[in-house]
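**Q** Here is my input; please provide its structure:
(2 chains)
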Protein chains: 2
Amino acid sequence: MSGPVAAAPTEGQARKAYLRPLDIKRGRIDMGHGAGGKAAAQLIDELFLAELDNPFLRQGDDGASLPLPGPGSTAGRLVMACDGHVVSPIFFPGGDLGSLAVHGTVNDVAMLGAQPLYLSACFILEEGYPLADLQRIVRSMGAAARAAGVPVVCGDTKVVERGKGDGVFIATTGVGWQAAGVDVSGRNARPGDAVLLSGSIGEHGVAVLSKRESLAFATTIQSDSAALHTLVAAMLAAAPGAVRVLRDPTRGGLATTLNEIARQSGVGMLLQEAAIPVQPQVDAACELLGLDPLYVANEGKLVAICAPEAAATVLAAMRAHPLGGQACQIGTVAADAQHFVQMQTRFGGRRVVDWLSGEQLPRIC
Amino acid sequence: MSGPVAAAPTEGQARKAYLRPLDIKRGRIDMGHGAGGKAAAQLIDELFLAELDNPFLRQGDDGASLPLPGPGSTAGRLVMACDGHVVSPIFFPGGDLGSLAVHGTVNDVAMLGAQPLYLSACFILEEGYPLADLQRIVRSMGAAARAAGVPVVCGDTKVVERGKGDGVFIATTGVGWQAAGVDVSGRNARPGDAVLLSGSIGEHGVAVLSKRESLAFATTIQSDSAALHTLVAAMLAAAPGAVRVLRDPTRGGLATTLNEIARQSGVGMLLQEAAIPVQPQVDAACELLGLDPLYVANEGKLVAICAPEAAATVLAAMRAHPLGGQACQIGTVAADAQHFVQMQTRFGGRRVVDWLSGEQLPRIC
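**A** Residues are numbered from 1 along each chain as shown, chains lettered A, B, ... in the order given. Reported below is the predicted structural model:
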């Protein structure tokens, strides 16, 4: 794992993640606004949340937990999450746009502790795109949806002129059912909680980038793209009430996801670098590409924050599931008014693990 | 209203809407696949439905009616509908991409007789797009959502490189609540039923096209873009159980919408041309552009098919609503094994009103 090694955070680093407000009058969208880091968070806060403000959007999770009308309203809540998919290339080792769209949205719903039920899918197609490739994508989407048990129940198709799109974009929305009493949210981390990770990081991002850059290791690293809802169900069943936060570290990677949770819960974290699993080929590829695996996207991994006394039970449930065999505790939640995520490095130092900044990895999902 | 005047349908016209199967091996997406007519229906049937097949998608409405788990399941059903928005230009007389995205999806949910509750919104942004324009769109979306009482509860933002998008695309999904006992679907039309229309047709399409073509009448015709859910609620309350089908005639216009319903319900229809309201400026613009208003998109109108004995009551409820002041009966449902929509013309003849074919009006919504 590479990246700068720093001492304890300075006063300057203690300021909020971004300093200058968005220049809406003269500013323009840049690739960084889509990379899942600091710039994306700022765009969401200062433009989208400012204009669309409502209590559900302000929950700040990857999906919203929503009341339903009628007598059923006490039995649980509806969960709704959406995801745009613009990954380039569309076909990559271990998956494609179609399966990714299903997995990404099923996972966003599952990360609220909900049972994913249904998906919608909107396709934006570029004129001239081969029908055979489209069929391959939709077939893969259908297979992923059937495997997950979450059908695509409605859809829409739009076509834009050649040069006004990029083959196929897919936007999916998932809805699920959150049983009464389940309260899993990025707001719930408390000092002393255990930070768990379901497996090794960086595979999805490296698989996509290797294909994009036509690198030689393209064939050896596969995306980890997978639907995590049965893993989540097993964890919740093993230790009811103990899992406080679930999130899948996609765009911006593990580092950005942990910073999001720290900000949402108003806490800090201390990670152990040596505890975070990274496959040797991913480490090597990151060296070559000048990336830090902490910031590389995953599509089949989750972070869980749970009560410390339940950590062993939750970990055991994770390890008993095919998608959690390598699960481990990577750190603990700490009280920290500045909401820093810090890391004990392999060399005994301590560094701040900041948000992803800039446009390191656009169009990764 | 222009368009060819024909005698009774011939044997040839009696075949299904499209004859040759899609050439998936060699074929490519063309603009017609997005125009909402025959080609779009074929793409959906032969590619999307074939790969994603499930009973909910097969319902064939603009949204799906879905059971929820738990004790609340008998109180009603969830409705889910999605819509991609790629209208060009993004700002047009009477609306913009942001308000259109809200209205279009709220309407799709309402057309199943459901109360729209929540929206998701996925933005696909092109690098270099001005933040000020994005703010204008999102502000308009927020205003439309607040006016409709249907908040945007979750979202996603992706960015694609310059030349790989077209400013802003928005994909929205809406969910709503369909009270137990409500059964409004395109499958439910029966011979003898009345075909009602909530107002004049063609304004949205002409407003967008006039801006696109920089025509002189641009300032006089406004899009009819509006949220129709309160109109729907008033209609259902006025005559419980009498409204069998609701649909908003968007892409492909009134003609395509009625053909869709005829196919879904396995019936024919007979329309009265003289009864279909068209604003004089829309008629004039259509003459100039070589269009038939029957095929031009609307974004604030609905078609209702109801039991004949309830038609007067439903019409009265429509006329009492601000968005239904011009509501009228435009025809009746007929038994017809060939599912033809026919029209008694102003000149006393009768012609078949076919599906929109080809790429007459791409990127209209």
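**Q** The residue in the stretch 151-300 of chain A that chain B sits nearest to: what's it in contact with?
**A** Proximity to chain B, evaluated over the stretch 151-300 of chain A using Cβ to the nearest Cβ, is greatest for residue A:159 at 2.8 Å. For the C-beta atoms, the positions are set from N, CA and C on the backbone; glycine is no exception. Taking Cβ atoms under 8 Å, 6 or more residues apart in numbering or on different chains, we find residue A:159 in contact with A:124-127, B:29-35, B:362-363.
**Q** what's the answer for residue A:223, then?
**A** Shown in contact with residue A:223 (Cβ under 8 Å, 6+ apart): A:92-95, A:100, A:203-204, A:207-208, A:299-300.
**Q** and those, which of them are in helices?
**A** Among these, the residues falling in helices (DSSP state H) are A:100, A:203-204, A:207-208.
**Q** Just put these in TSV and tack on neighbour count and pLDDT.
**A** Below are these laid out as TSV (neighbours: other Cβ atoms under 10 Å in any protein chain shown; pLDDT from 0 to 100):
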residue	neighbour count	pLDDT
A:100	29	98
A:203	28	97
A:204	34	97
A:207	28	94
A:208	28	94
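**Q** List just the nearest of those to residue B:195.
**A** The closest of the ones in helices among the contacts of residue A:223 to residue B:195 turns out to be residue A:100 (Cβ to Cβ; 43.1 Å).
**Q** Can you list the residue ranges for helices in chain A?
**A** Going by DSSP H, chain A shows helices at A:38-43, A:50-52, A:97-110, A:131-148, A:203-212, A:229-238, A:253-265, A:280-289, A:311-319.
**Q** Low-confidence bits of the stretch 101-250 of chain A, can you list those?
**A** Across the stretch 101-250 of chain A, residues meeting the criterion (pLDDT under 70) sit at A:216-219.
**Q** what's near enough to touch the closest residue in space to residue A:259 that isn't next to it in sequence?
**A** Leaving aside its chain neighbours, residue A:259 sits nearest to residue A:355 (4.8 Å; criterion: Cβ to Cβ, 6 or more residues apart in numbering or on different chains). Listed by Cβ under 8 Å, 6+ apart, the contact partners of residue A:355 are A:17, A:37-38, A:41, A:252, A:255-256, A:259.
**Q** distance of residue A:355 from chain B?
**A** 16 Å (Cβ to the nearest Cβ, to the nearest Å).
**Q** Could you check how many residues crowd around the residue nearest to residue A:113 when sequence neighbours are not counted?
**A** Closest residue to residue A:113 apart from its sequence neighbours, by Cβ to Cβ, 6+ apart: residue A:184 at 3.4 Å. Neighbours of residue A:184 under the rule other Cβ atoms under 10 Å in any protein chain shown: 26.
**Q** Likewise for residue A:168?
**A** For residue A:168, using other Cβ under 10 Å, the count is 23.
**Q** For it, name its beta-bridge partners.
**A** Residue A:168 has these beta-bridge partners by DSSP bridges: residue A:125.
**Q** got it, and the one 4 residues further on?
**A** Beta-bridge partners recorded for residue A:172 (DSSP bridges): residue A:83, residue A:121.
**Q** That one: neighbour count?
**A** 32.
**Q** I figured it was touching residue A:121, is that so?
**A** Yes: contact criterion Cβ atoms under 8 Å: residue A:172 and residue A:121 qualify, at 5.1 Å.
**Q** Let's have the ones in helices among the contacts of residue A:223 in CSV, adding distance to chain B.
**A** Below are the ones in helices among the contacts of residue A:223 laid out as CSV (distance: Cβ to the nearest Cβ, whole Å):
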residue, distance to chain B
A:100, 12
A:203, 21
A:204, 16
A:207, 19
A:208, 14
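**Q** Export these as a markdown table, with columns for distance to residue A:152.
**A** Below are those laid out as a markdown table (distance: Cβ to Cβ, whole Å):
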| residue | distance to residue A:152 |
| --- | --- |
| A:100 | 14 |
| A:203 | 26 |
| A:204 | 22 |
| A:207 | 24 |
| A:208 | 23 |
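**Q** Tell me which two in these are the farthest apart.
**A** Greatest spatial distance in the ones in helices among the contacts of residue A:223: A:100 and A:203, 13.0 Å, computed using Cβ to Cβ.
**Q** that older thread, just give the nearest non-adjacent residue to the residue of the stretch 151-300 of chain A closest to chain B, would you?
**A** Closest to residue A:159 by Cβ to Cβ, 6+ apart is residue B:34, at 2.8 Å.
**Q** tell me, how many neighbours does the one you found end up with?
**A** Here the number of neighbours of residue B:34 (other Cβ under 10 Å) works out to 30.
**Q** Likewise for the one 10 residues further on?
**A** Neighbour count for residue B:44, taken as other Cβ under 10 Å: 18.
**Q** OK, contacts around it?
**A** Counting by Cβ under 8 Å, 6+ apart, residue B:44 has contacts A:155, A:157.
**Q** Residue A:313 too?
**A** Here residue A:313 is in contact with A:238-239, A:242 (criterion: Cβ under 8 Å, 6+ apart).
**Q** Could you report the distance from the nearest residue to residue A:307 once chain neighbours are set aside to residue A:352?
**A** Of all residues not flanking residue A:307 in the chain, residue A:242 sits nearest, at 4.6 Å (Cβ to Cβ, 6+ apart). Distance, residue A:242 to residue A:352, by Cβ to Cβ, to the nearest Å: 29 Å.
**Q** With residue A:203 instead?
**A** Counting by Cβ to Cβ - residue A:203 and residue A:352 are separated by 25 Å.
**Q** returning to that earlier point: just the helices of chain A: most buried one?
**A** Among the helices of chain A, helix A:97-110 has the highest mean neighbour count (mean count of other Cβ atoms under 10 Å in any protein chain shown), at a mean of 29.
**Q** quick check: angle from it to helix A:131-148?
**A** On the basis of axes from the mean of the first three to the mean of the last three Cα atoms, to 10 degrees, helix A:97-110 is oriented at 30 degrees to helix A:131-148.
**Q** Who are the packing partners of helix A:97-110?
**A** strand A:76-85, strand A:115-126, helix A:131-148, strand A:168-179, helix A:229-238 (3 or more Cβ pairs under 8 Å, 6 or more residues apart in numbering or on different chains; DSSP states H and E).
**Q** and the longest one, anywhere near chain B?
**A** Yes: figure legend: helix A:131-148 in contact with chain B (Cβ under 8 Å from any Cβ of the partner chain); contacting residues A:131-132, A:134-135, A:138-139, A:141-142, A:145.
**Q** what about stretch A:317-324, start to end distance?
**A** 8 Å (Cα to Cα, to the nearest Å).
**Q** per-residue confidence averaged over that stretch?
**A** The pLDDT scores in stretch A:317-324 average 98.
**Q** So what's the gap between it and the chain middle?
**A** Taking Cα atoms, centre = their mean, to the nearest Å, one finds the center of stretch A:317-324 at 19 Å from the center of the full chain.
**Q** now swap in stretch A:332-347 and tell me
**A** Worked out by Cα atoms, centre = their mean, stretch A:332-347 lies 20 Å from the chain centre.
**Q** same check, this time on stretch A:318-327
**A** 18 Å.
**Q** got the contact list for it?
**A** Contact with stretch A:318-327 is made by A:196-200, A:226, A:228, A:230-231, A:234-235, A:277, A:300, A:304, A:315, A:317, as judged by Cβ under 8 Å, 6+ apart.
**Q** okay but residue A:68 is in contact with residue A:80, surely?
**A** No: here residue A:68 lies out of contact with residue A:80, judged by Cβ under 8 Å, at a distance of 11.0 Å.
**Q** what about the two, which has more around it?
**A** Neighbours were counted for residue A:68 and for residue A:80 using other Cβ under 10 Å; residue A:80 has more, 28 against 23.
**Q** Spit out the contact partners of the more buried one.
**A** By Cβ under 8 Å, 6+ apart, the contact set of residue A:80 is A:63-64, A:66, A:109, A:173-175, B:118, B:120, B:153-154, B:173, B:175.
**Q** out of the residues you listed, which is most surrounded?
**A** That'd be residue A:174 among the contacts of residue A:80, by other Cβ under 10 Å, with 34 neighbours.
**Q** And chain A, what are its domain boundaries?
**A** Domain assignment for chain A, taken from automatic domain parsing, gives A:54-179, A:194-352.
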